[in-house]
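S.K.: Build me a model:
(2 chains)
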Amino acid sequence: MDEVKVGVFLSDCGNQLSKILDFDALTNYVKKISDVTLVGRRSEFRRGEGLQAIKNAIESEKINRVVVAESLPKLSEVNIVQAVEEAGLNPYLVETIDLKHHCAWPHRETPKEATEKAKAMLLAAIERAKLLEPIEKLEFPTLKSTLIIGGGIAGMQAAIDLADLGFEVNLIEKAPFLGGLATRASRFFPTDDCAICIQSPVSDVKTITHTSRKCVYRSGFSEIPNLNILTTSKVVSVEGVPGNYKVTIEKKPRYVDEMKCIACDLCTTVCPVEVPDEHNAKLKTRKAIYMQVPNVHPPVYVIDESVCKFYDCAKCVKICPTKAINLDQKSEQIILNVGSIIVATGFQEWDSSVIREYHYGDYPDVITNLDLARMIDGFGPTGGAIVRPSDRKPAKKIVMIQCVGSRDRRWKPYCSSICCMISLKHASLIKSAHPDTDITLCYIDIRTTGREHEDYYERAREMGIKFVKGRPSEISRNPETNKLIVDVEDELLKRLLELEADLVVLAPAMVPAEGTKELAELLSIELDKDGFFKEYNAKLRPTETKLRGIYLCGGATFPKDVPTASLHAHSAAIKAVKFLTTGKIVKDQRTAVINEDYCGDCEFCPVTCPYGAISLEETTEGHFVAKVSDLLCEGCGICVGTCPLGAIELRHSRPSQMQAQMKGLMSVNGTSKPLVLAICCSECGHTAVDSSGMAMMKYPANVRVMQVPCTGILQVHQLLDAFKAGAQGVMVVGCKSDGCHYEVGVQKAEKKVELVRILLKEYGIEPERLEMFNMVYIEGNKFAEAAQMMTERIEKLGQLQLMGGS
Amino acid sequence: MIQGEEEKTASLEFSEIVTSRLGGETIRRCYQCGTCASSCPVAKITERFNPREIIKLSLLGKKDEVLSGEAIWLCCSCYNCQERCPQKVEIADLIYALRNIAFEEGYIPNIYSDFASALLDDGRIVKISRFYEDKRPALGLPPLQPTGVDALRKILSATGFDRLQQKEKSQ
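M.R.: Reported below is the predicted structural model:
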């Protein structure tokens, strides 16, 4: 490489900083540092003429390292780095520091000390800059196709969005028909219109206005040219990397040719097998060849292979006028190559039979909300009549029970969030169709938090639906009258009630759909403590996962009503578009690199990497070395902090660079207080230092700040080296324990700090000289207080004595 | 209703005290769903006992009302409430904790006081009457042996039970 020439650019903020810092002294100091060939000073360097000055220096003075002292580097760095790149220098050869917020402002009352600290900061930045190396940008090709798992409302909505934009979309559904829970739910709040209704695709020629919303069967959904729908299908394996996934699908036989079936219903008239219909809460029967309800999609019959007699009967085959039935159909494996995957597997009702005192599954007249929805549905098994399943007589007295399994530490501790609205909707629909029905709803708390949701509660009260605040303890049955009795305390009256009922409707907890766990394992993505798919960040990235290219939407992440699931689906679609649209992922190589001479045969780093970016590759027989995927590596350095052999380094934060920085910061004291090194992660830790400076909070100038990508990168010997470099005390400042931007880095750092404290004690050094702190951006005051506290603590402990001097 | 500063301080302390006692740790989980009350065989026959109400009063800091009342002594310890509580509040154990606090504070129904004296005197909470002694041989049972009352007294002394009982008597 060429000779190193460092250009240093000092911004004095319109001469405001020079009121505190002695800029002439700083300039003279910097000029004397080896390899510094140019020192510039202006009001600012982050825009306009300032940027031009940096460019000129690169182009005419041939500087090849740029150190900029500018306020708010996190804001200005983007411009500076761009300008550097435009001038033809690798943009990663830039080091920025903040003399304003990290030095001048917090130490404004001790200007001499501040100037000395500024010298140390500049020396550290320059020494680190000298060791920086150019970093390349890599491109990884991505396929412009996507796989959506789950054909409920969310999956269908995301499929339409992506297909409309021209991407190749594969939608798979494990059931024989699309629609998911919506096909059973009848009507939905807050509109009380049909559940099975979607925004239709633009490819539908009959869609003439943007306001169009249609039943799935008339939406033209199946005719979208670039949408491939696979029913009776599930994922069996997933290989590959973001942008290039190879997914194997197993498609079970339908035994009916989708291209030939004309839905004439002749087959069901001859089929001799009759079984209870699960889809209709077993309130009616269906044949072995069947269609769920007449408006399902695809409008093609299916044979239930668990009950069909096949060639012992084959009556349907003979009668089918289009020869659509093929009893020899076999399961087939389909390979899909896709760039991204959207998980939309939804949720389901929890099995309430576990709560034995409620006798669900035991007393036929104890049903769930979904069962009740089938009765409310005009297409349903009772044609809209509300009956007791035991004798089919009209149910005149209904008791509804909320929170069955939800908000229950024994089963599902969370509030399932939609059940209050479902029950209120059901109660009012029944009451308006059959006003003489007596309905009592037992609740712990009624939760109607959405827009227009409280209207449902209001309407229900106005209609005469009774409310009892109390969770029933037991349902029993009078063997003579066959009526049910619900024991509940009305807490507001403090009176025990025995409510008589023809029908008891439970509102069970909503739980992840069957197969969620297995799918999570196939995709290597995480589930939350309740078993739902876990989003990357619940606040800001609600549809993303830890893996680029895999997205989540709908009830797969938590029970949702249709408006929310639909919103979630659109959001996942736009994320997938952002990922797919360019056909490539551009990523720089600020990643981990393995020194194969040292690496071998341990498995620490692949296990520790939160992103699955490290794998082991066999070199000679029985020996392994680690390999880093530059595509998956996020550059946190947790592997660096974990490697027992020092065989991994981050290209942009090598131990040598960190060492130089550390020595620089400890090179000049200039205060009467002991030097304290604050090692801050680049996320919350370092921004907390920013915010303390922005708010002009004061702390002493002996505290020096060093930035690392994540505190997880720190190695035991590095923390010890800090003392050797001259620190009398060391602070490690990371994100909150459960809020690490790299998942687990800060937790690793916490453990390492504990370990080093034990070691310090062994060496006869007070362990209190090292302390871990966790804070976020808005806790600038916490940083200032911690810096003050550490300084006082170290002052009390006195000078650190190291063998061989410091 | 909570009235005045004095009662406010007292209230906070009581809820804290219950939480710190063995069996009382889970009281603050209660969200007043009433499953306990409607599961309770005692509450079914008398309004004088309602576990939900006891918890609510305790949470609101109605210490004297809870400790001096008869309610906490009416629990039959069937553990139905505890089995069914959706928040895993250990209700029956909690009632024991409240009884212990009541005992320490000098609130104790006479019958329990008598049990305690009997226990200290001869190691049994119910005195063995001639009636039972006479029946035993006819049923082929051996005569009752004296209890190891010395060992028991040591335990009761080590746990502070005898001192508490003395305190009760003097009050």
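S.K.: Skipping adjacent residues, who's closest to A:Ala727 in space?
M.R.: By the measure of CB to CB, 6 or more residues apart in numbering or on different chains, the closest residue to A:Ala727 outside its immediate chain neighbours is A:Leu677, 4.1 Å from it. In short, each C-beta sits where N, CA and C put it, glycine included.
S.K.: And the pLDDT at the residue lying farthest from the centre of chain B?
M.R.: Centroid-distance maximum for chain B: B:Ala138 at 36.8 Å, with CA atoms, centre = their mean. Confidence at B:Ala138, expressed as pLDDT, is 87.
S.K.: what do you get for B:Leu119?
M.R.: At B:Leu119, the model reports a pLDDT of 83.
S.K.: where does chain B come near chain A, residue by residue?
M.R.: B:29, B:31-39, B:43-44, B:47, B:50, B:52-53, B:84, B:86-88 (CB under 8 Å from any CB of the partner chain).
S.K.: Could you tell me which ranges of chain B sit under the pLDDT cut-off?
M.R.: The model of chain B has pLDDT under 70 over residues B:1-12, B:167-171.
S.K.: ok, back up a step: roughly how far does the residue farthest from the centre of chain B sit from A:Leu720?
M.R.: For B:Ala138, the distance to A:Leu720 (CB to CB, to the nearest Å) stands at 84 Å.
S.K.: Look up phi and psi at the residue nearest to A:Ala727.
M.R.: phi -100, psi 120 (degrees, to the nearest 10).
S.K.: To what extent is it buried, counted in neighbours?
M.R.: 26 (other CB atoms under 10 Å in any protein chain shown).
S.K.: for it, which residues make a bridge with it?
M.R.: In this entry, A:Leu677 is beta-bridged to A:Arg704, A:Val730, by DSSP bridges.
S.K.: What residues does it make contact with?
M.R.: A:Leu677 makes contact with A:Met662, A:Leu665, A:Met666, A:Arg704, A:Met706, A:Ala722, A:Ala725, A:Ala727, A:Gly729, A:Val730, A:Met731, according to CB atoms under 8 Å, 6 or more residues apart in numbering or on different chains.
S.K.: Just name the closest of those residues to chain B, please.
M.R.: Comparing these against chain B with CB to the nearest CB places A:Met731 closest, at 34.8 Å.
S.K.: Quick one: distance of stretch A:39-50 to the chain centre.
M.R.: 40 Å (CA atoms, centre = their mean, to the nearest Å).
S.K.: and it, C-alpha only, in PDB?
M.R.: The C-alpha coordinates for stretch A:39-50 follow below in PDB (Å, rounded to 0.1, in the frame of the first residue of the first chain):
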ATOM      1  CA  VAL A  39      -4.600  20.100   9.000                       C
ATOM      2  CA  GLY A  40      -7.700  22.000   8.000                       C
ATOM      3  CA  ARG A  41      -9.900  24.200  10.100                       C
ATOM      4  CA  ARG A  42     -13.300  25.600   9.200                       C
ATOM      5  CA  SER A  43     -16.700  26.400  10.700                       C
ATOM      6  CA  GLU A  44     -18.000  23.000   9.400                       C
ATOM      7  CA  PHE A  45     -17.000  20.200   7.200                       C
ATOM      8  CA  ARG A  46     -20.300  18.300   6.800                       C
ATOM      9  CA  ARG A  47     -21.700  20.200   3.800                       C
ATOM     10  CA  GLY A  48     -20.900  22.800   1.100                       C
ATOM     11  CA  GLU A  49     -17.400  24.200   1.000                       C
ATOM     12  CA  GLY A  50     -16.300  22.100   3.900                       C
END
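S.K.: Show residues contacting that stretch.
M.R.: So stretch A:39-50 is contacted by A:7-15, A:23, A:27, A:30-31, A:51, A:53-54, A:57, A:68, A:70-71, A:75-76, A:79-80 (CB under 8 Å, 6+ apart).
S.K.: residues touching the residue farthest from the centre of chain B, list them.
M.R.: The contact partners of B:Ala138, by CB under 8 Å, 6+ apart, come to none.
S.K.: Residues in contact with the helix or strand hosting A:Arg757: which ones?
M.R.: Element membership for A:Arg757 (DSSP states H and E) is helix A:745-762. Helix A:745-762 has contacts (CB under 8 Å, 6+ apart) with A:608, A:636-638, A:641-642, A:681, A:710-716, A:719-720, A:732, A:734-737, A:739-740, A:766-767, A:769-772, A:774.
S.K.: ok, 7 Å please
M.R.: With CB atoms under 7 Å, 6 or more residues apart in numbering or on different chains as the test, helix A:745-762 has contacts from A:636, A:638, A:641, A:710-712, A:714, A:716, A:719-720, A:732, A:734-735, A:737, A:740, A:767, A:769-770, A:772, A:774.
S.K.: What subset of those is buried?
M.R.: Among the contacts of helix A:745-762, the ones that count as buried by 16 or more other CB atoms under 10 Å in any protein chain shown are A:636, A:638, A:641, A:710-712, A:714, A:719-720, A:732, A:734-735, A:740, A:767, A:769-770, A:772, A:774.
S.K.: Please flag which of these sit within strands.
M.R.: Of the buried ones among the contacts of helix A:745-762, the ones assigned to strands by DSSP state E are A:Val732, A:Gly734, A:Leu770, A:Met772, A:Asn774.
S.K.: Name the nearest residue to the fourth one, sequence neighbours excluded.
M.R.: Spelled out, that is A:Met772. In space, A:Met772 is closest to A:Val753, 4.3 Å off (CB to CB, 6+ apart).
S.K.: At the geometric centre of chain B, which residue sits there?
M.R.: B:Arg99 (3.2 Å).
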